[in-house]
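# Sequence isn't available, so here's the structure alone:
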């Protein structure tokens, strides 16, 4: 399966940046289509594998679809990304679209590797979809999302993460104004953590001292913009760990 490399030159480079950037509707729609398309592609491969029908002909037939999805993913992730995520995405896209099936490699082995890379790309896309609010998202939208992700977290715990009191949280639930920087950051971090951790584990994550934070906890540095990227990197790594 040799399907070429999507454009990765200067004009297609994914730019680094903070995790609180918003996504325009067209960007969100493109990324959702990429995730849905990769899921369908994976399903086709998995069904064929169960039937013992993975062969070079099948991989070649699917190559065009895979290339289109890879190019769309690269172009759709133009919203600011941190350098680590940008580099990981481009590396995995390149790997995915340059896999070769030849006489020295069984088609099923190629398919297995492609499935893993496709799943990793879907995780990156989902991180962006979850971690970046839609353009025009309000304070009450951000609070509603946190409530949906962390249904067992108390108002007191949420207030502590946001650096406000309980009454302020109640007012924020009806606030149509733009979110504060701290609310956007907490929302983005929870977006990365909530799928792999329990509600209690997510809250506990904010209270653990970290070497990368000069021995302080995430909660300690939530108000310091200089630590935002460190927090993002820690949350991205933390989502793969089991809550304790």
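The structure has been received and is ready for your questions. Quick caveat, the model's predicted, so the values are computed rather than measured.

# next structured bit after the lowest-mean-pLDDT helix or strand in the chain?
Of all helical and strand segments in the chain, the minimum by mean pLDDT, DSSP states H and E falls on helix 83-97, at a mean of 77. As assigned by DSSP states H and E, the chain's next helix or strand after helix 83-97 is helix 107-131.

# just how off-centre is stretch 49-57 within its chain?
30 Å (Cα atoms, centre = their mean, to the nearest Å).

# Buried by neighbour count: which residues of that stretch qualify?
49, 54 (16 or more other Cβ atoms under 10 Å). Heads up, the C-betas are built off the backbone N, CA and C, glycines and all.

# Where does the record place the domain boundaries for this protein?
Here the domain parsing of the chain from automatic domain parsing is 10-131, 139-238.

# Do you have the helices of this structure handy? List them.
25-50, 56-76, 83-97, 107-131, 139-149, 155-162, 166-172, 181-193, 199-205, 218-221, 228-238 (DSSP state H).

# and among those, the most buried is which?
When the helices of the chain are scored by mean count of other Cβ atoms under 10 Å, the highest mean neighbour count falls to helix 181-193 (a mean of 23).

# Per-residue pLDDT of residue 19, please?
What the model reports for residue 19 is a pLDDT of 49.

# quick one: low-confidence parts of this protein?
Where the chain drops to pLDDT under 70, the residues are 1-23, 76-83, 100-103, 131-135, 238-244.

# how close does the nearest residue in space to residue 44 that is not next to it in sequence get to residue 32?
Residue nearest to residue 44 in three dimensions, not counting chain neighbours: residue 62, with 6.5 Å by Cβ to Cβ, 6 or more residues apart in numbering. From residue 62 over to residue 32 the distance is 21 Å, taken as Cβ to Cβ, to the nearest Å.

# so who does the residue nearest the centre of the chain touch?
Compute the mean C-alpha point of the chain, and by Cα atoms, centre = their mean the closest residue is residue 127, 1.4 Å away. With Cβ atoms under 8 Å, 6 or more residues apart in numbering as the criterion, the residues that contact residue 127 are 85, 191-192, 236.

# Please enumerate residues in contact with stretch 178-193?
19-20, 127, 130-133, 137-139, 141-143, 145-146, 149-150, 161-163, 172, 201-202, 205, 218, 222-223, 225, 228, 231-232, 235-236, 238-239.

# my guess is residue 34 meets residue 126, correct?
No. In this structure, residue 34 is not within contact of residue 126 by Cβ atoms under 8 Å, at 10.2 Å.
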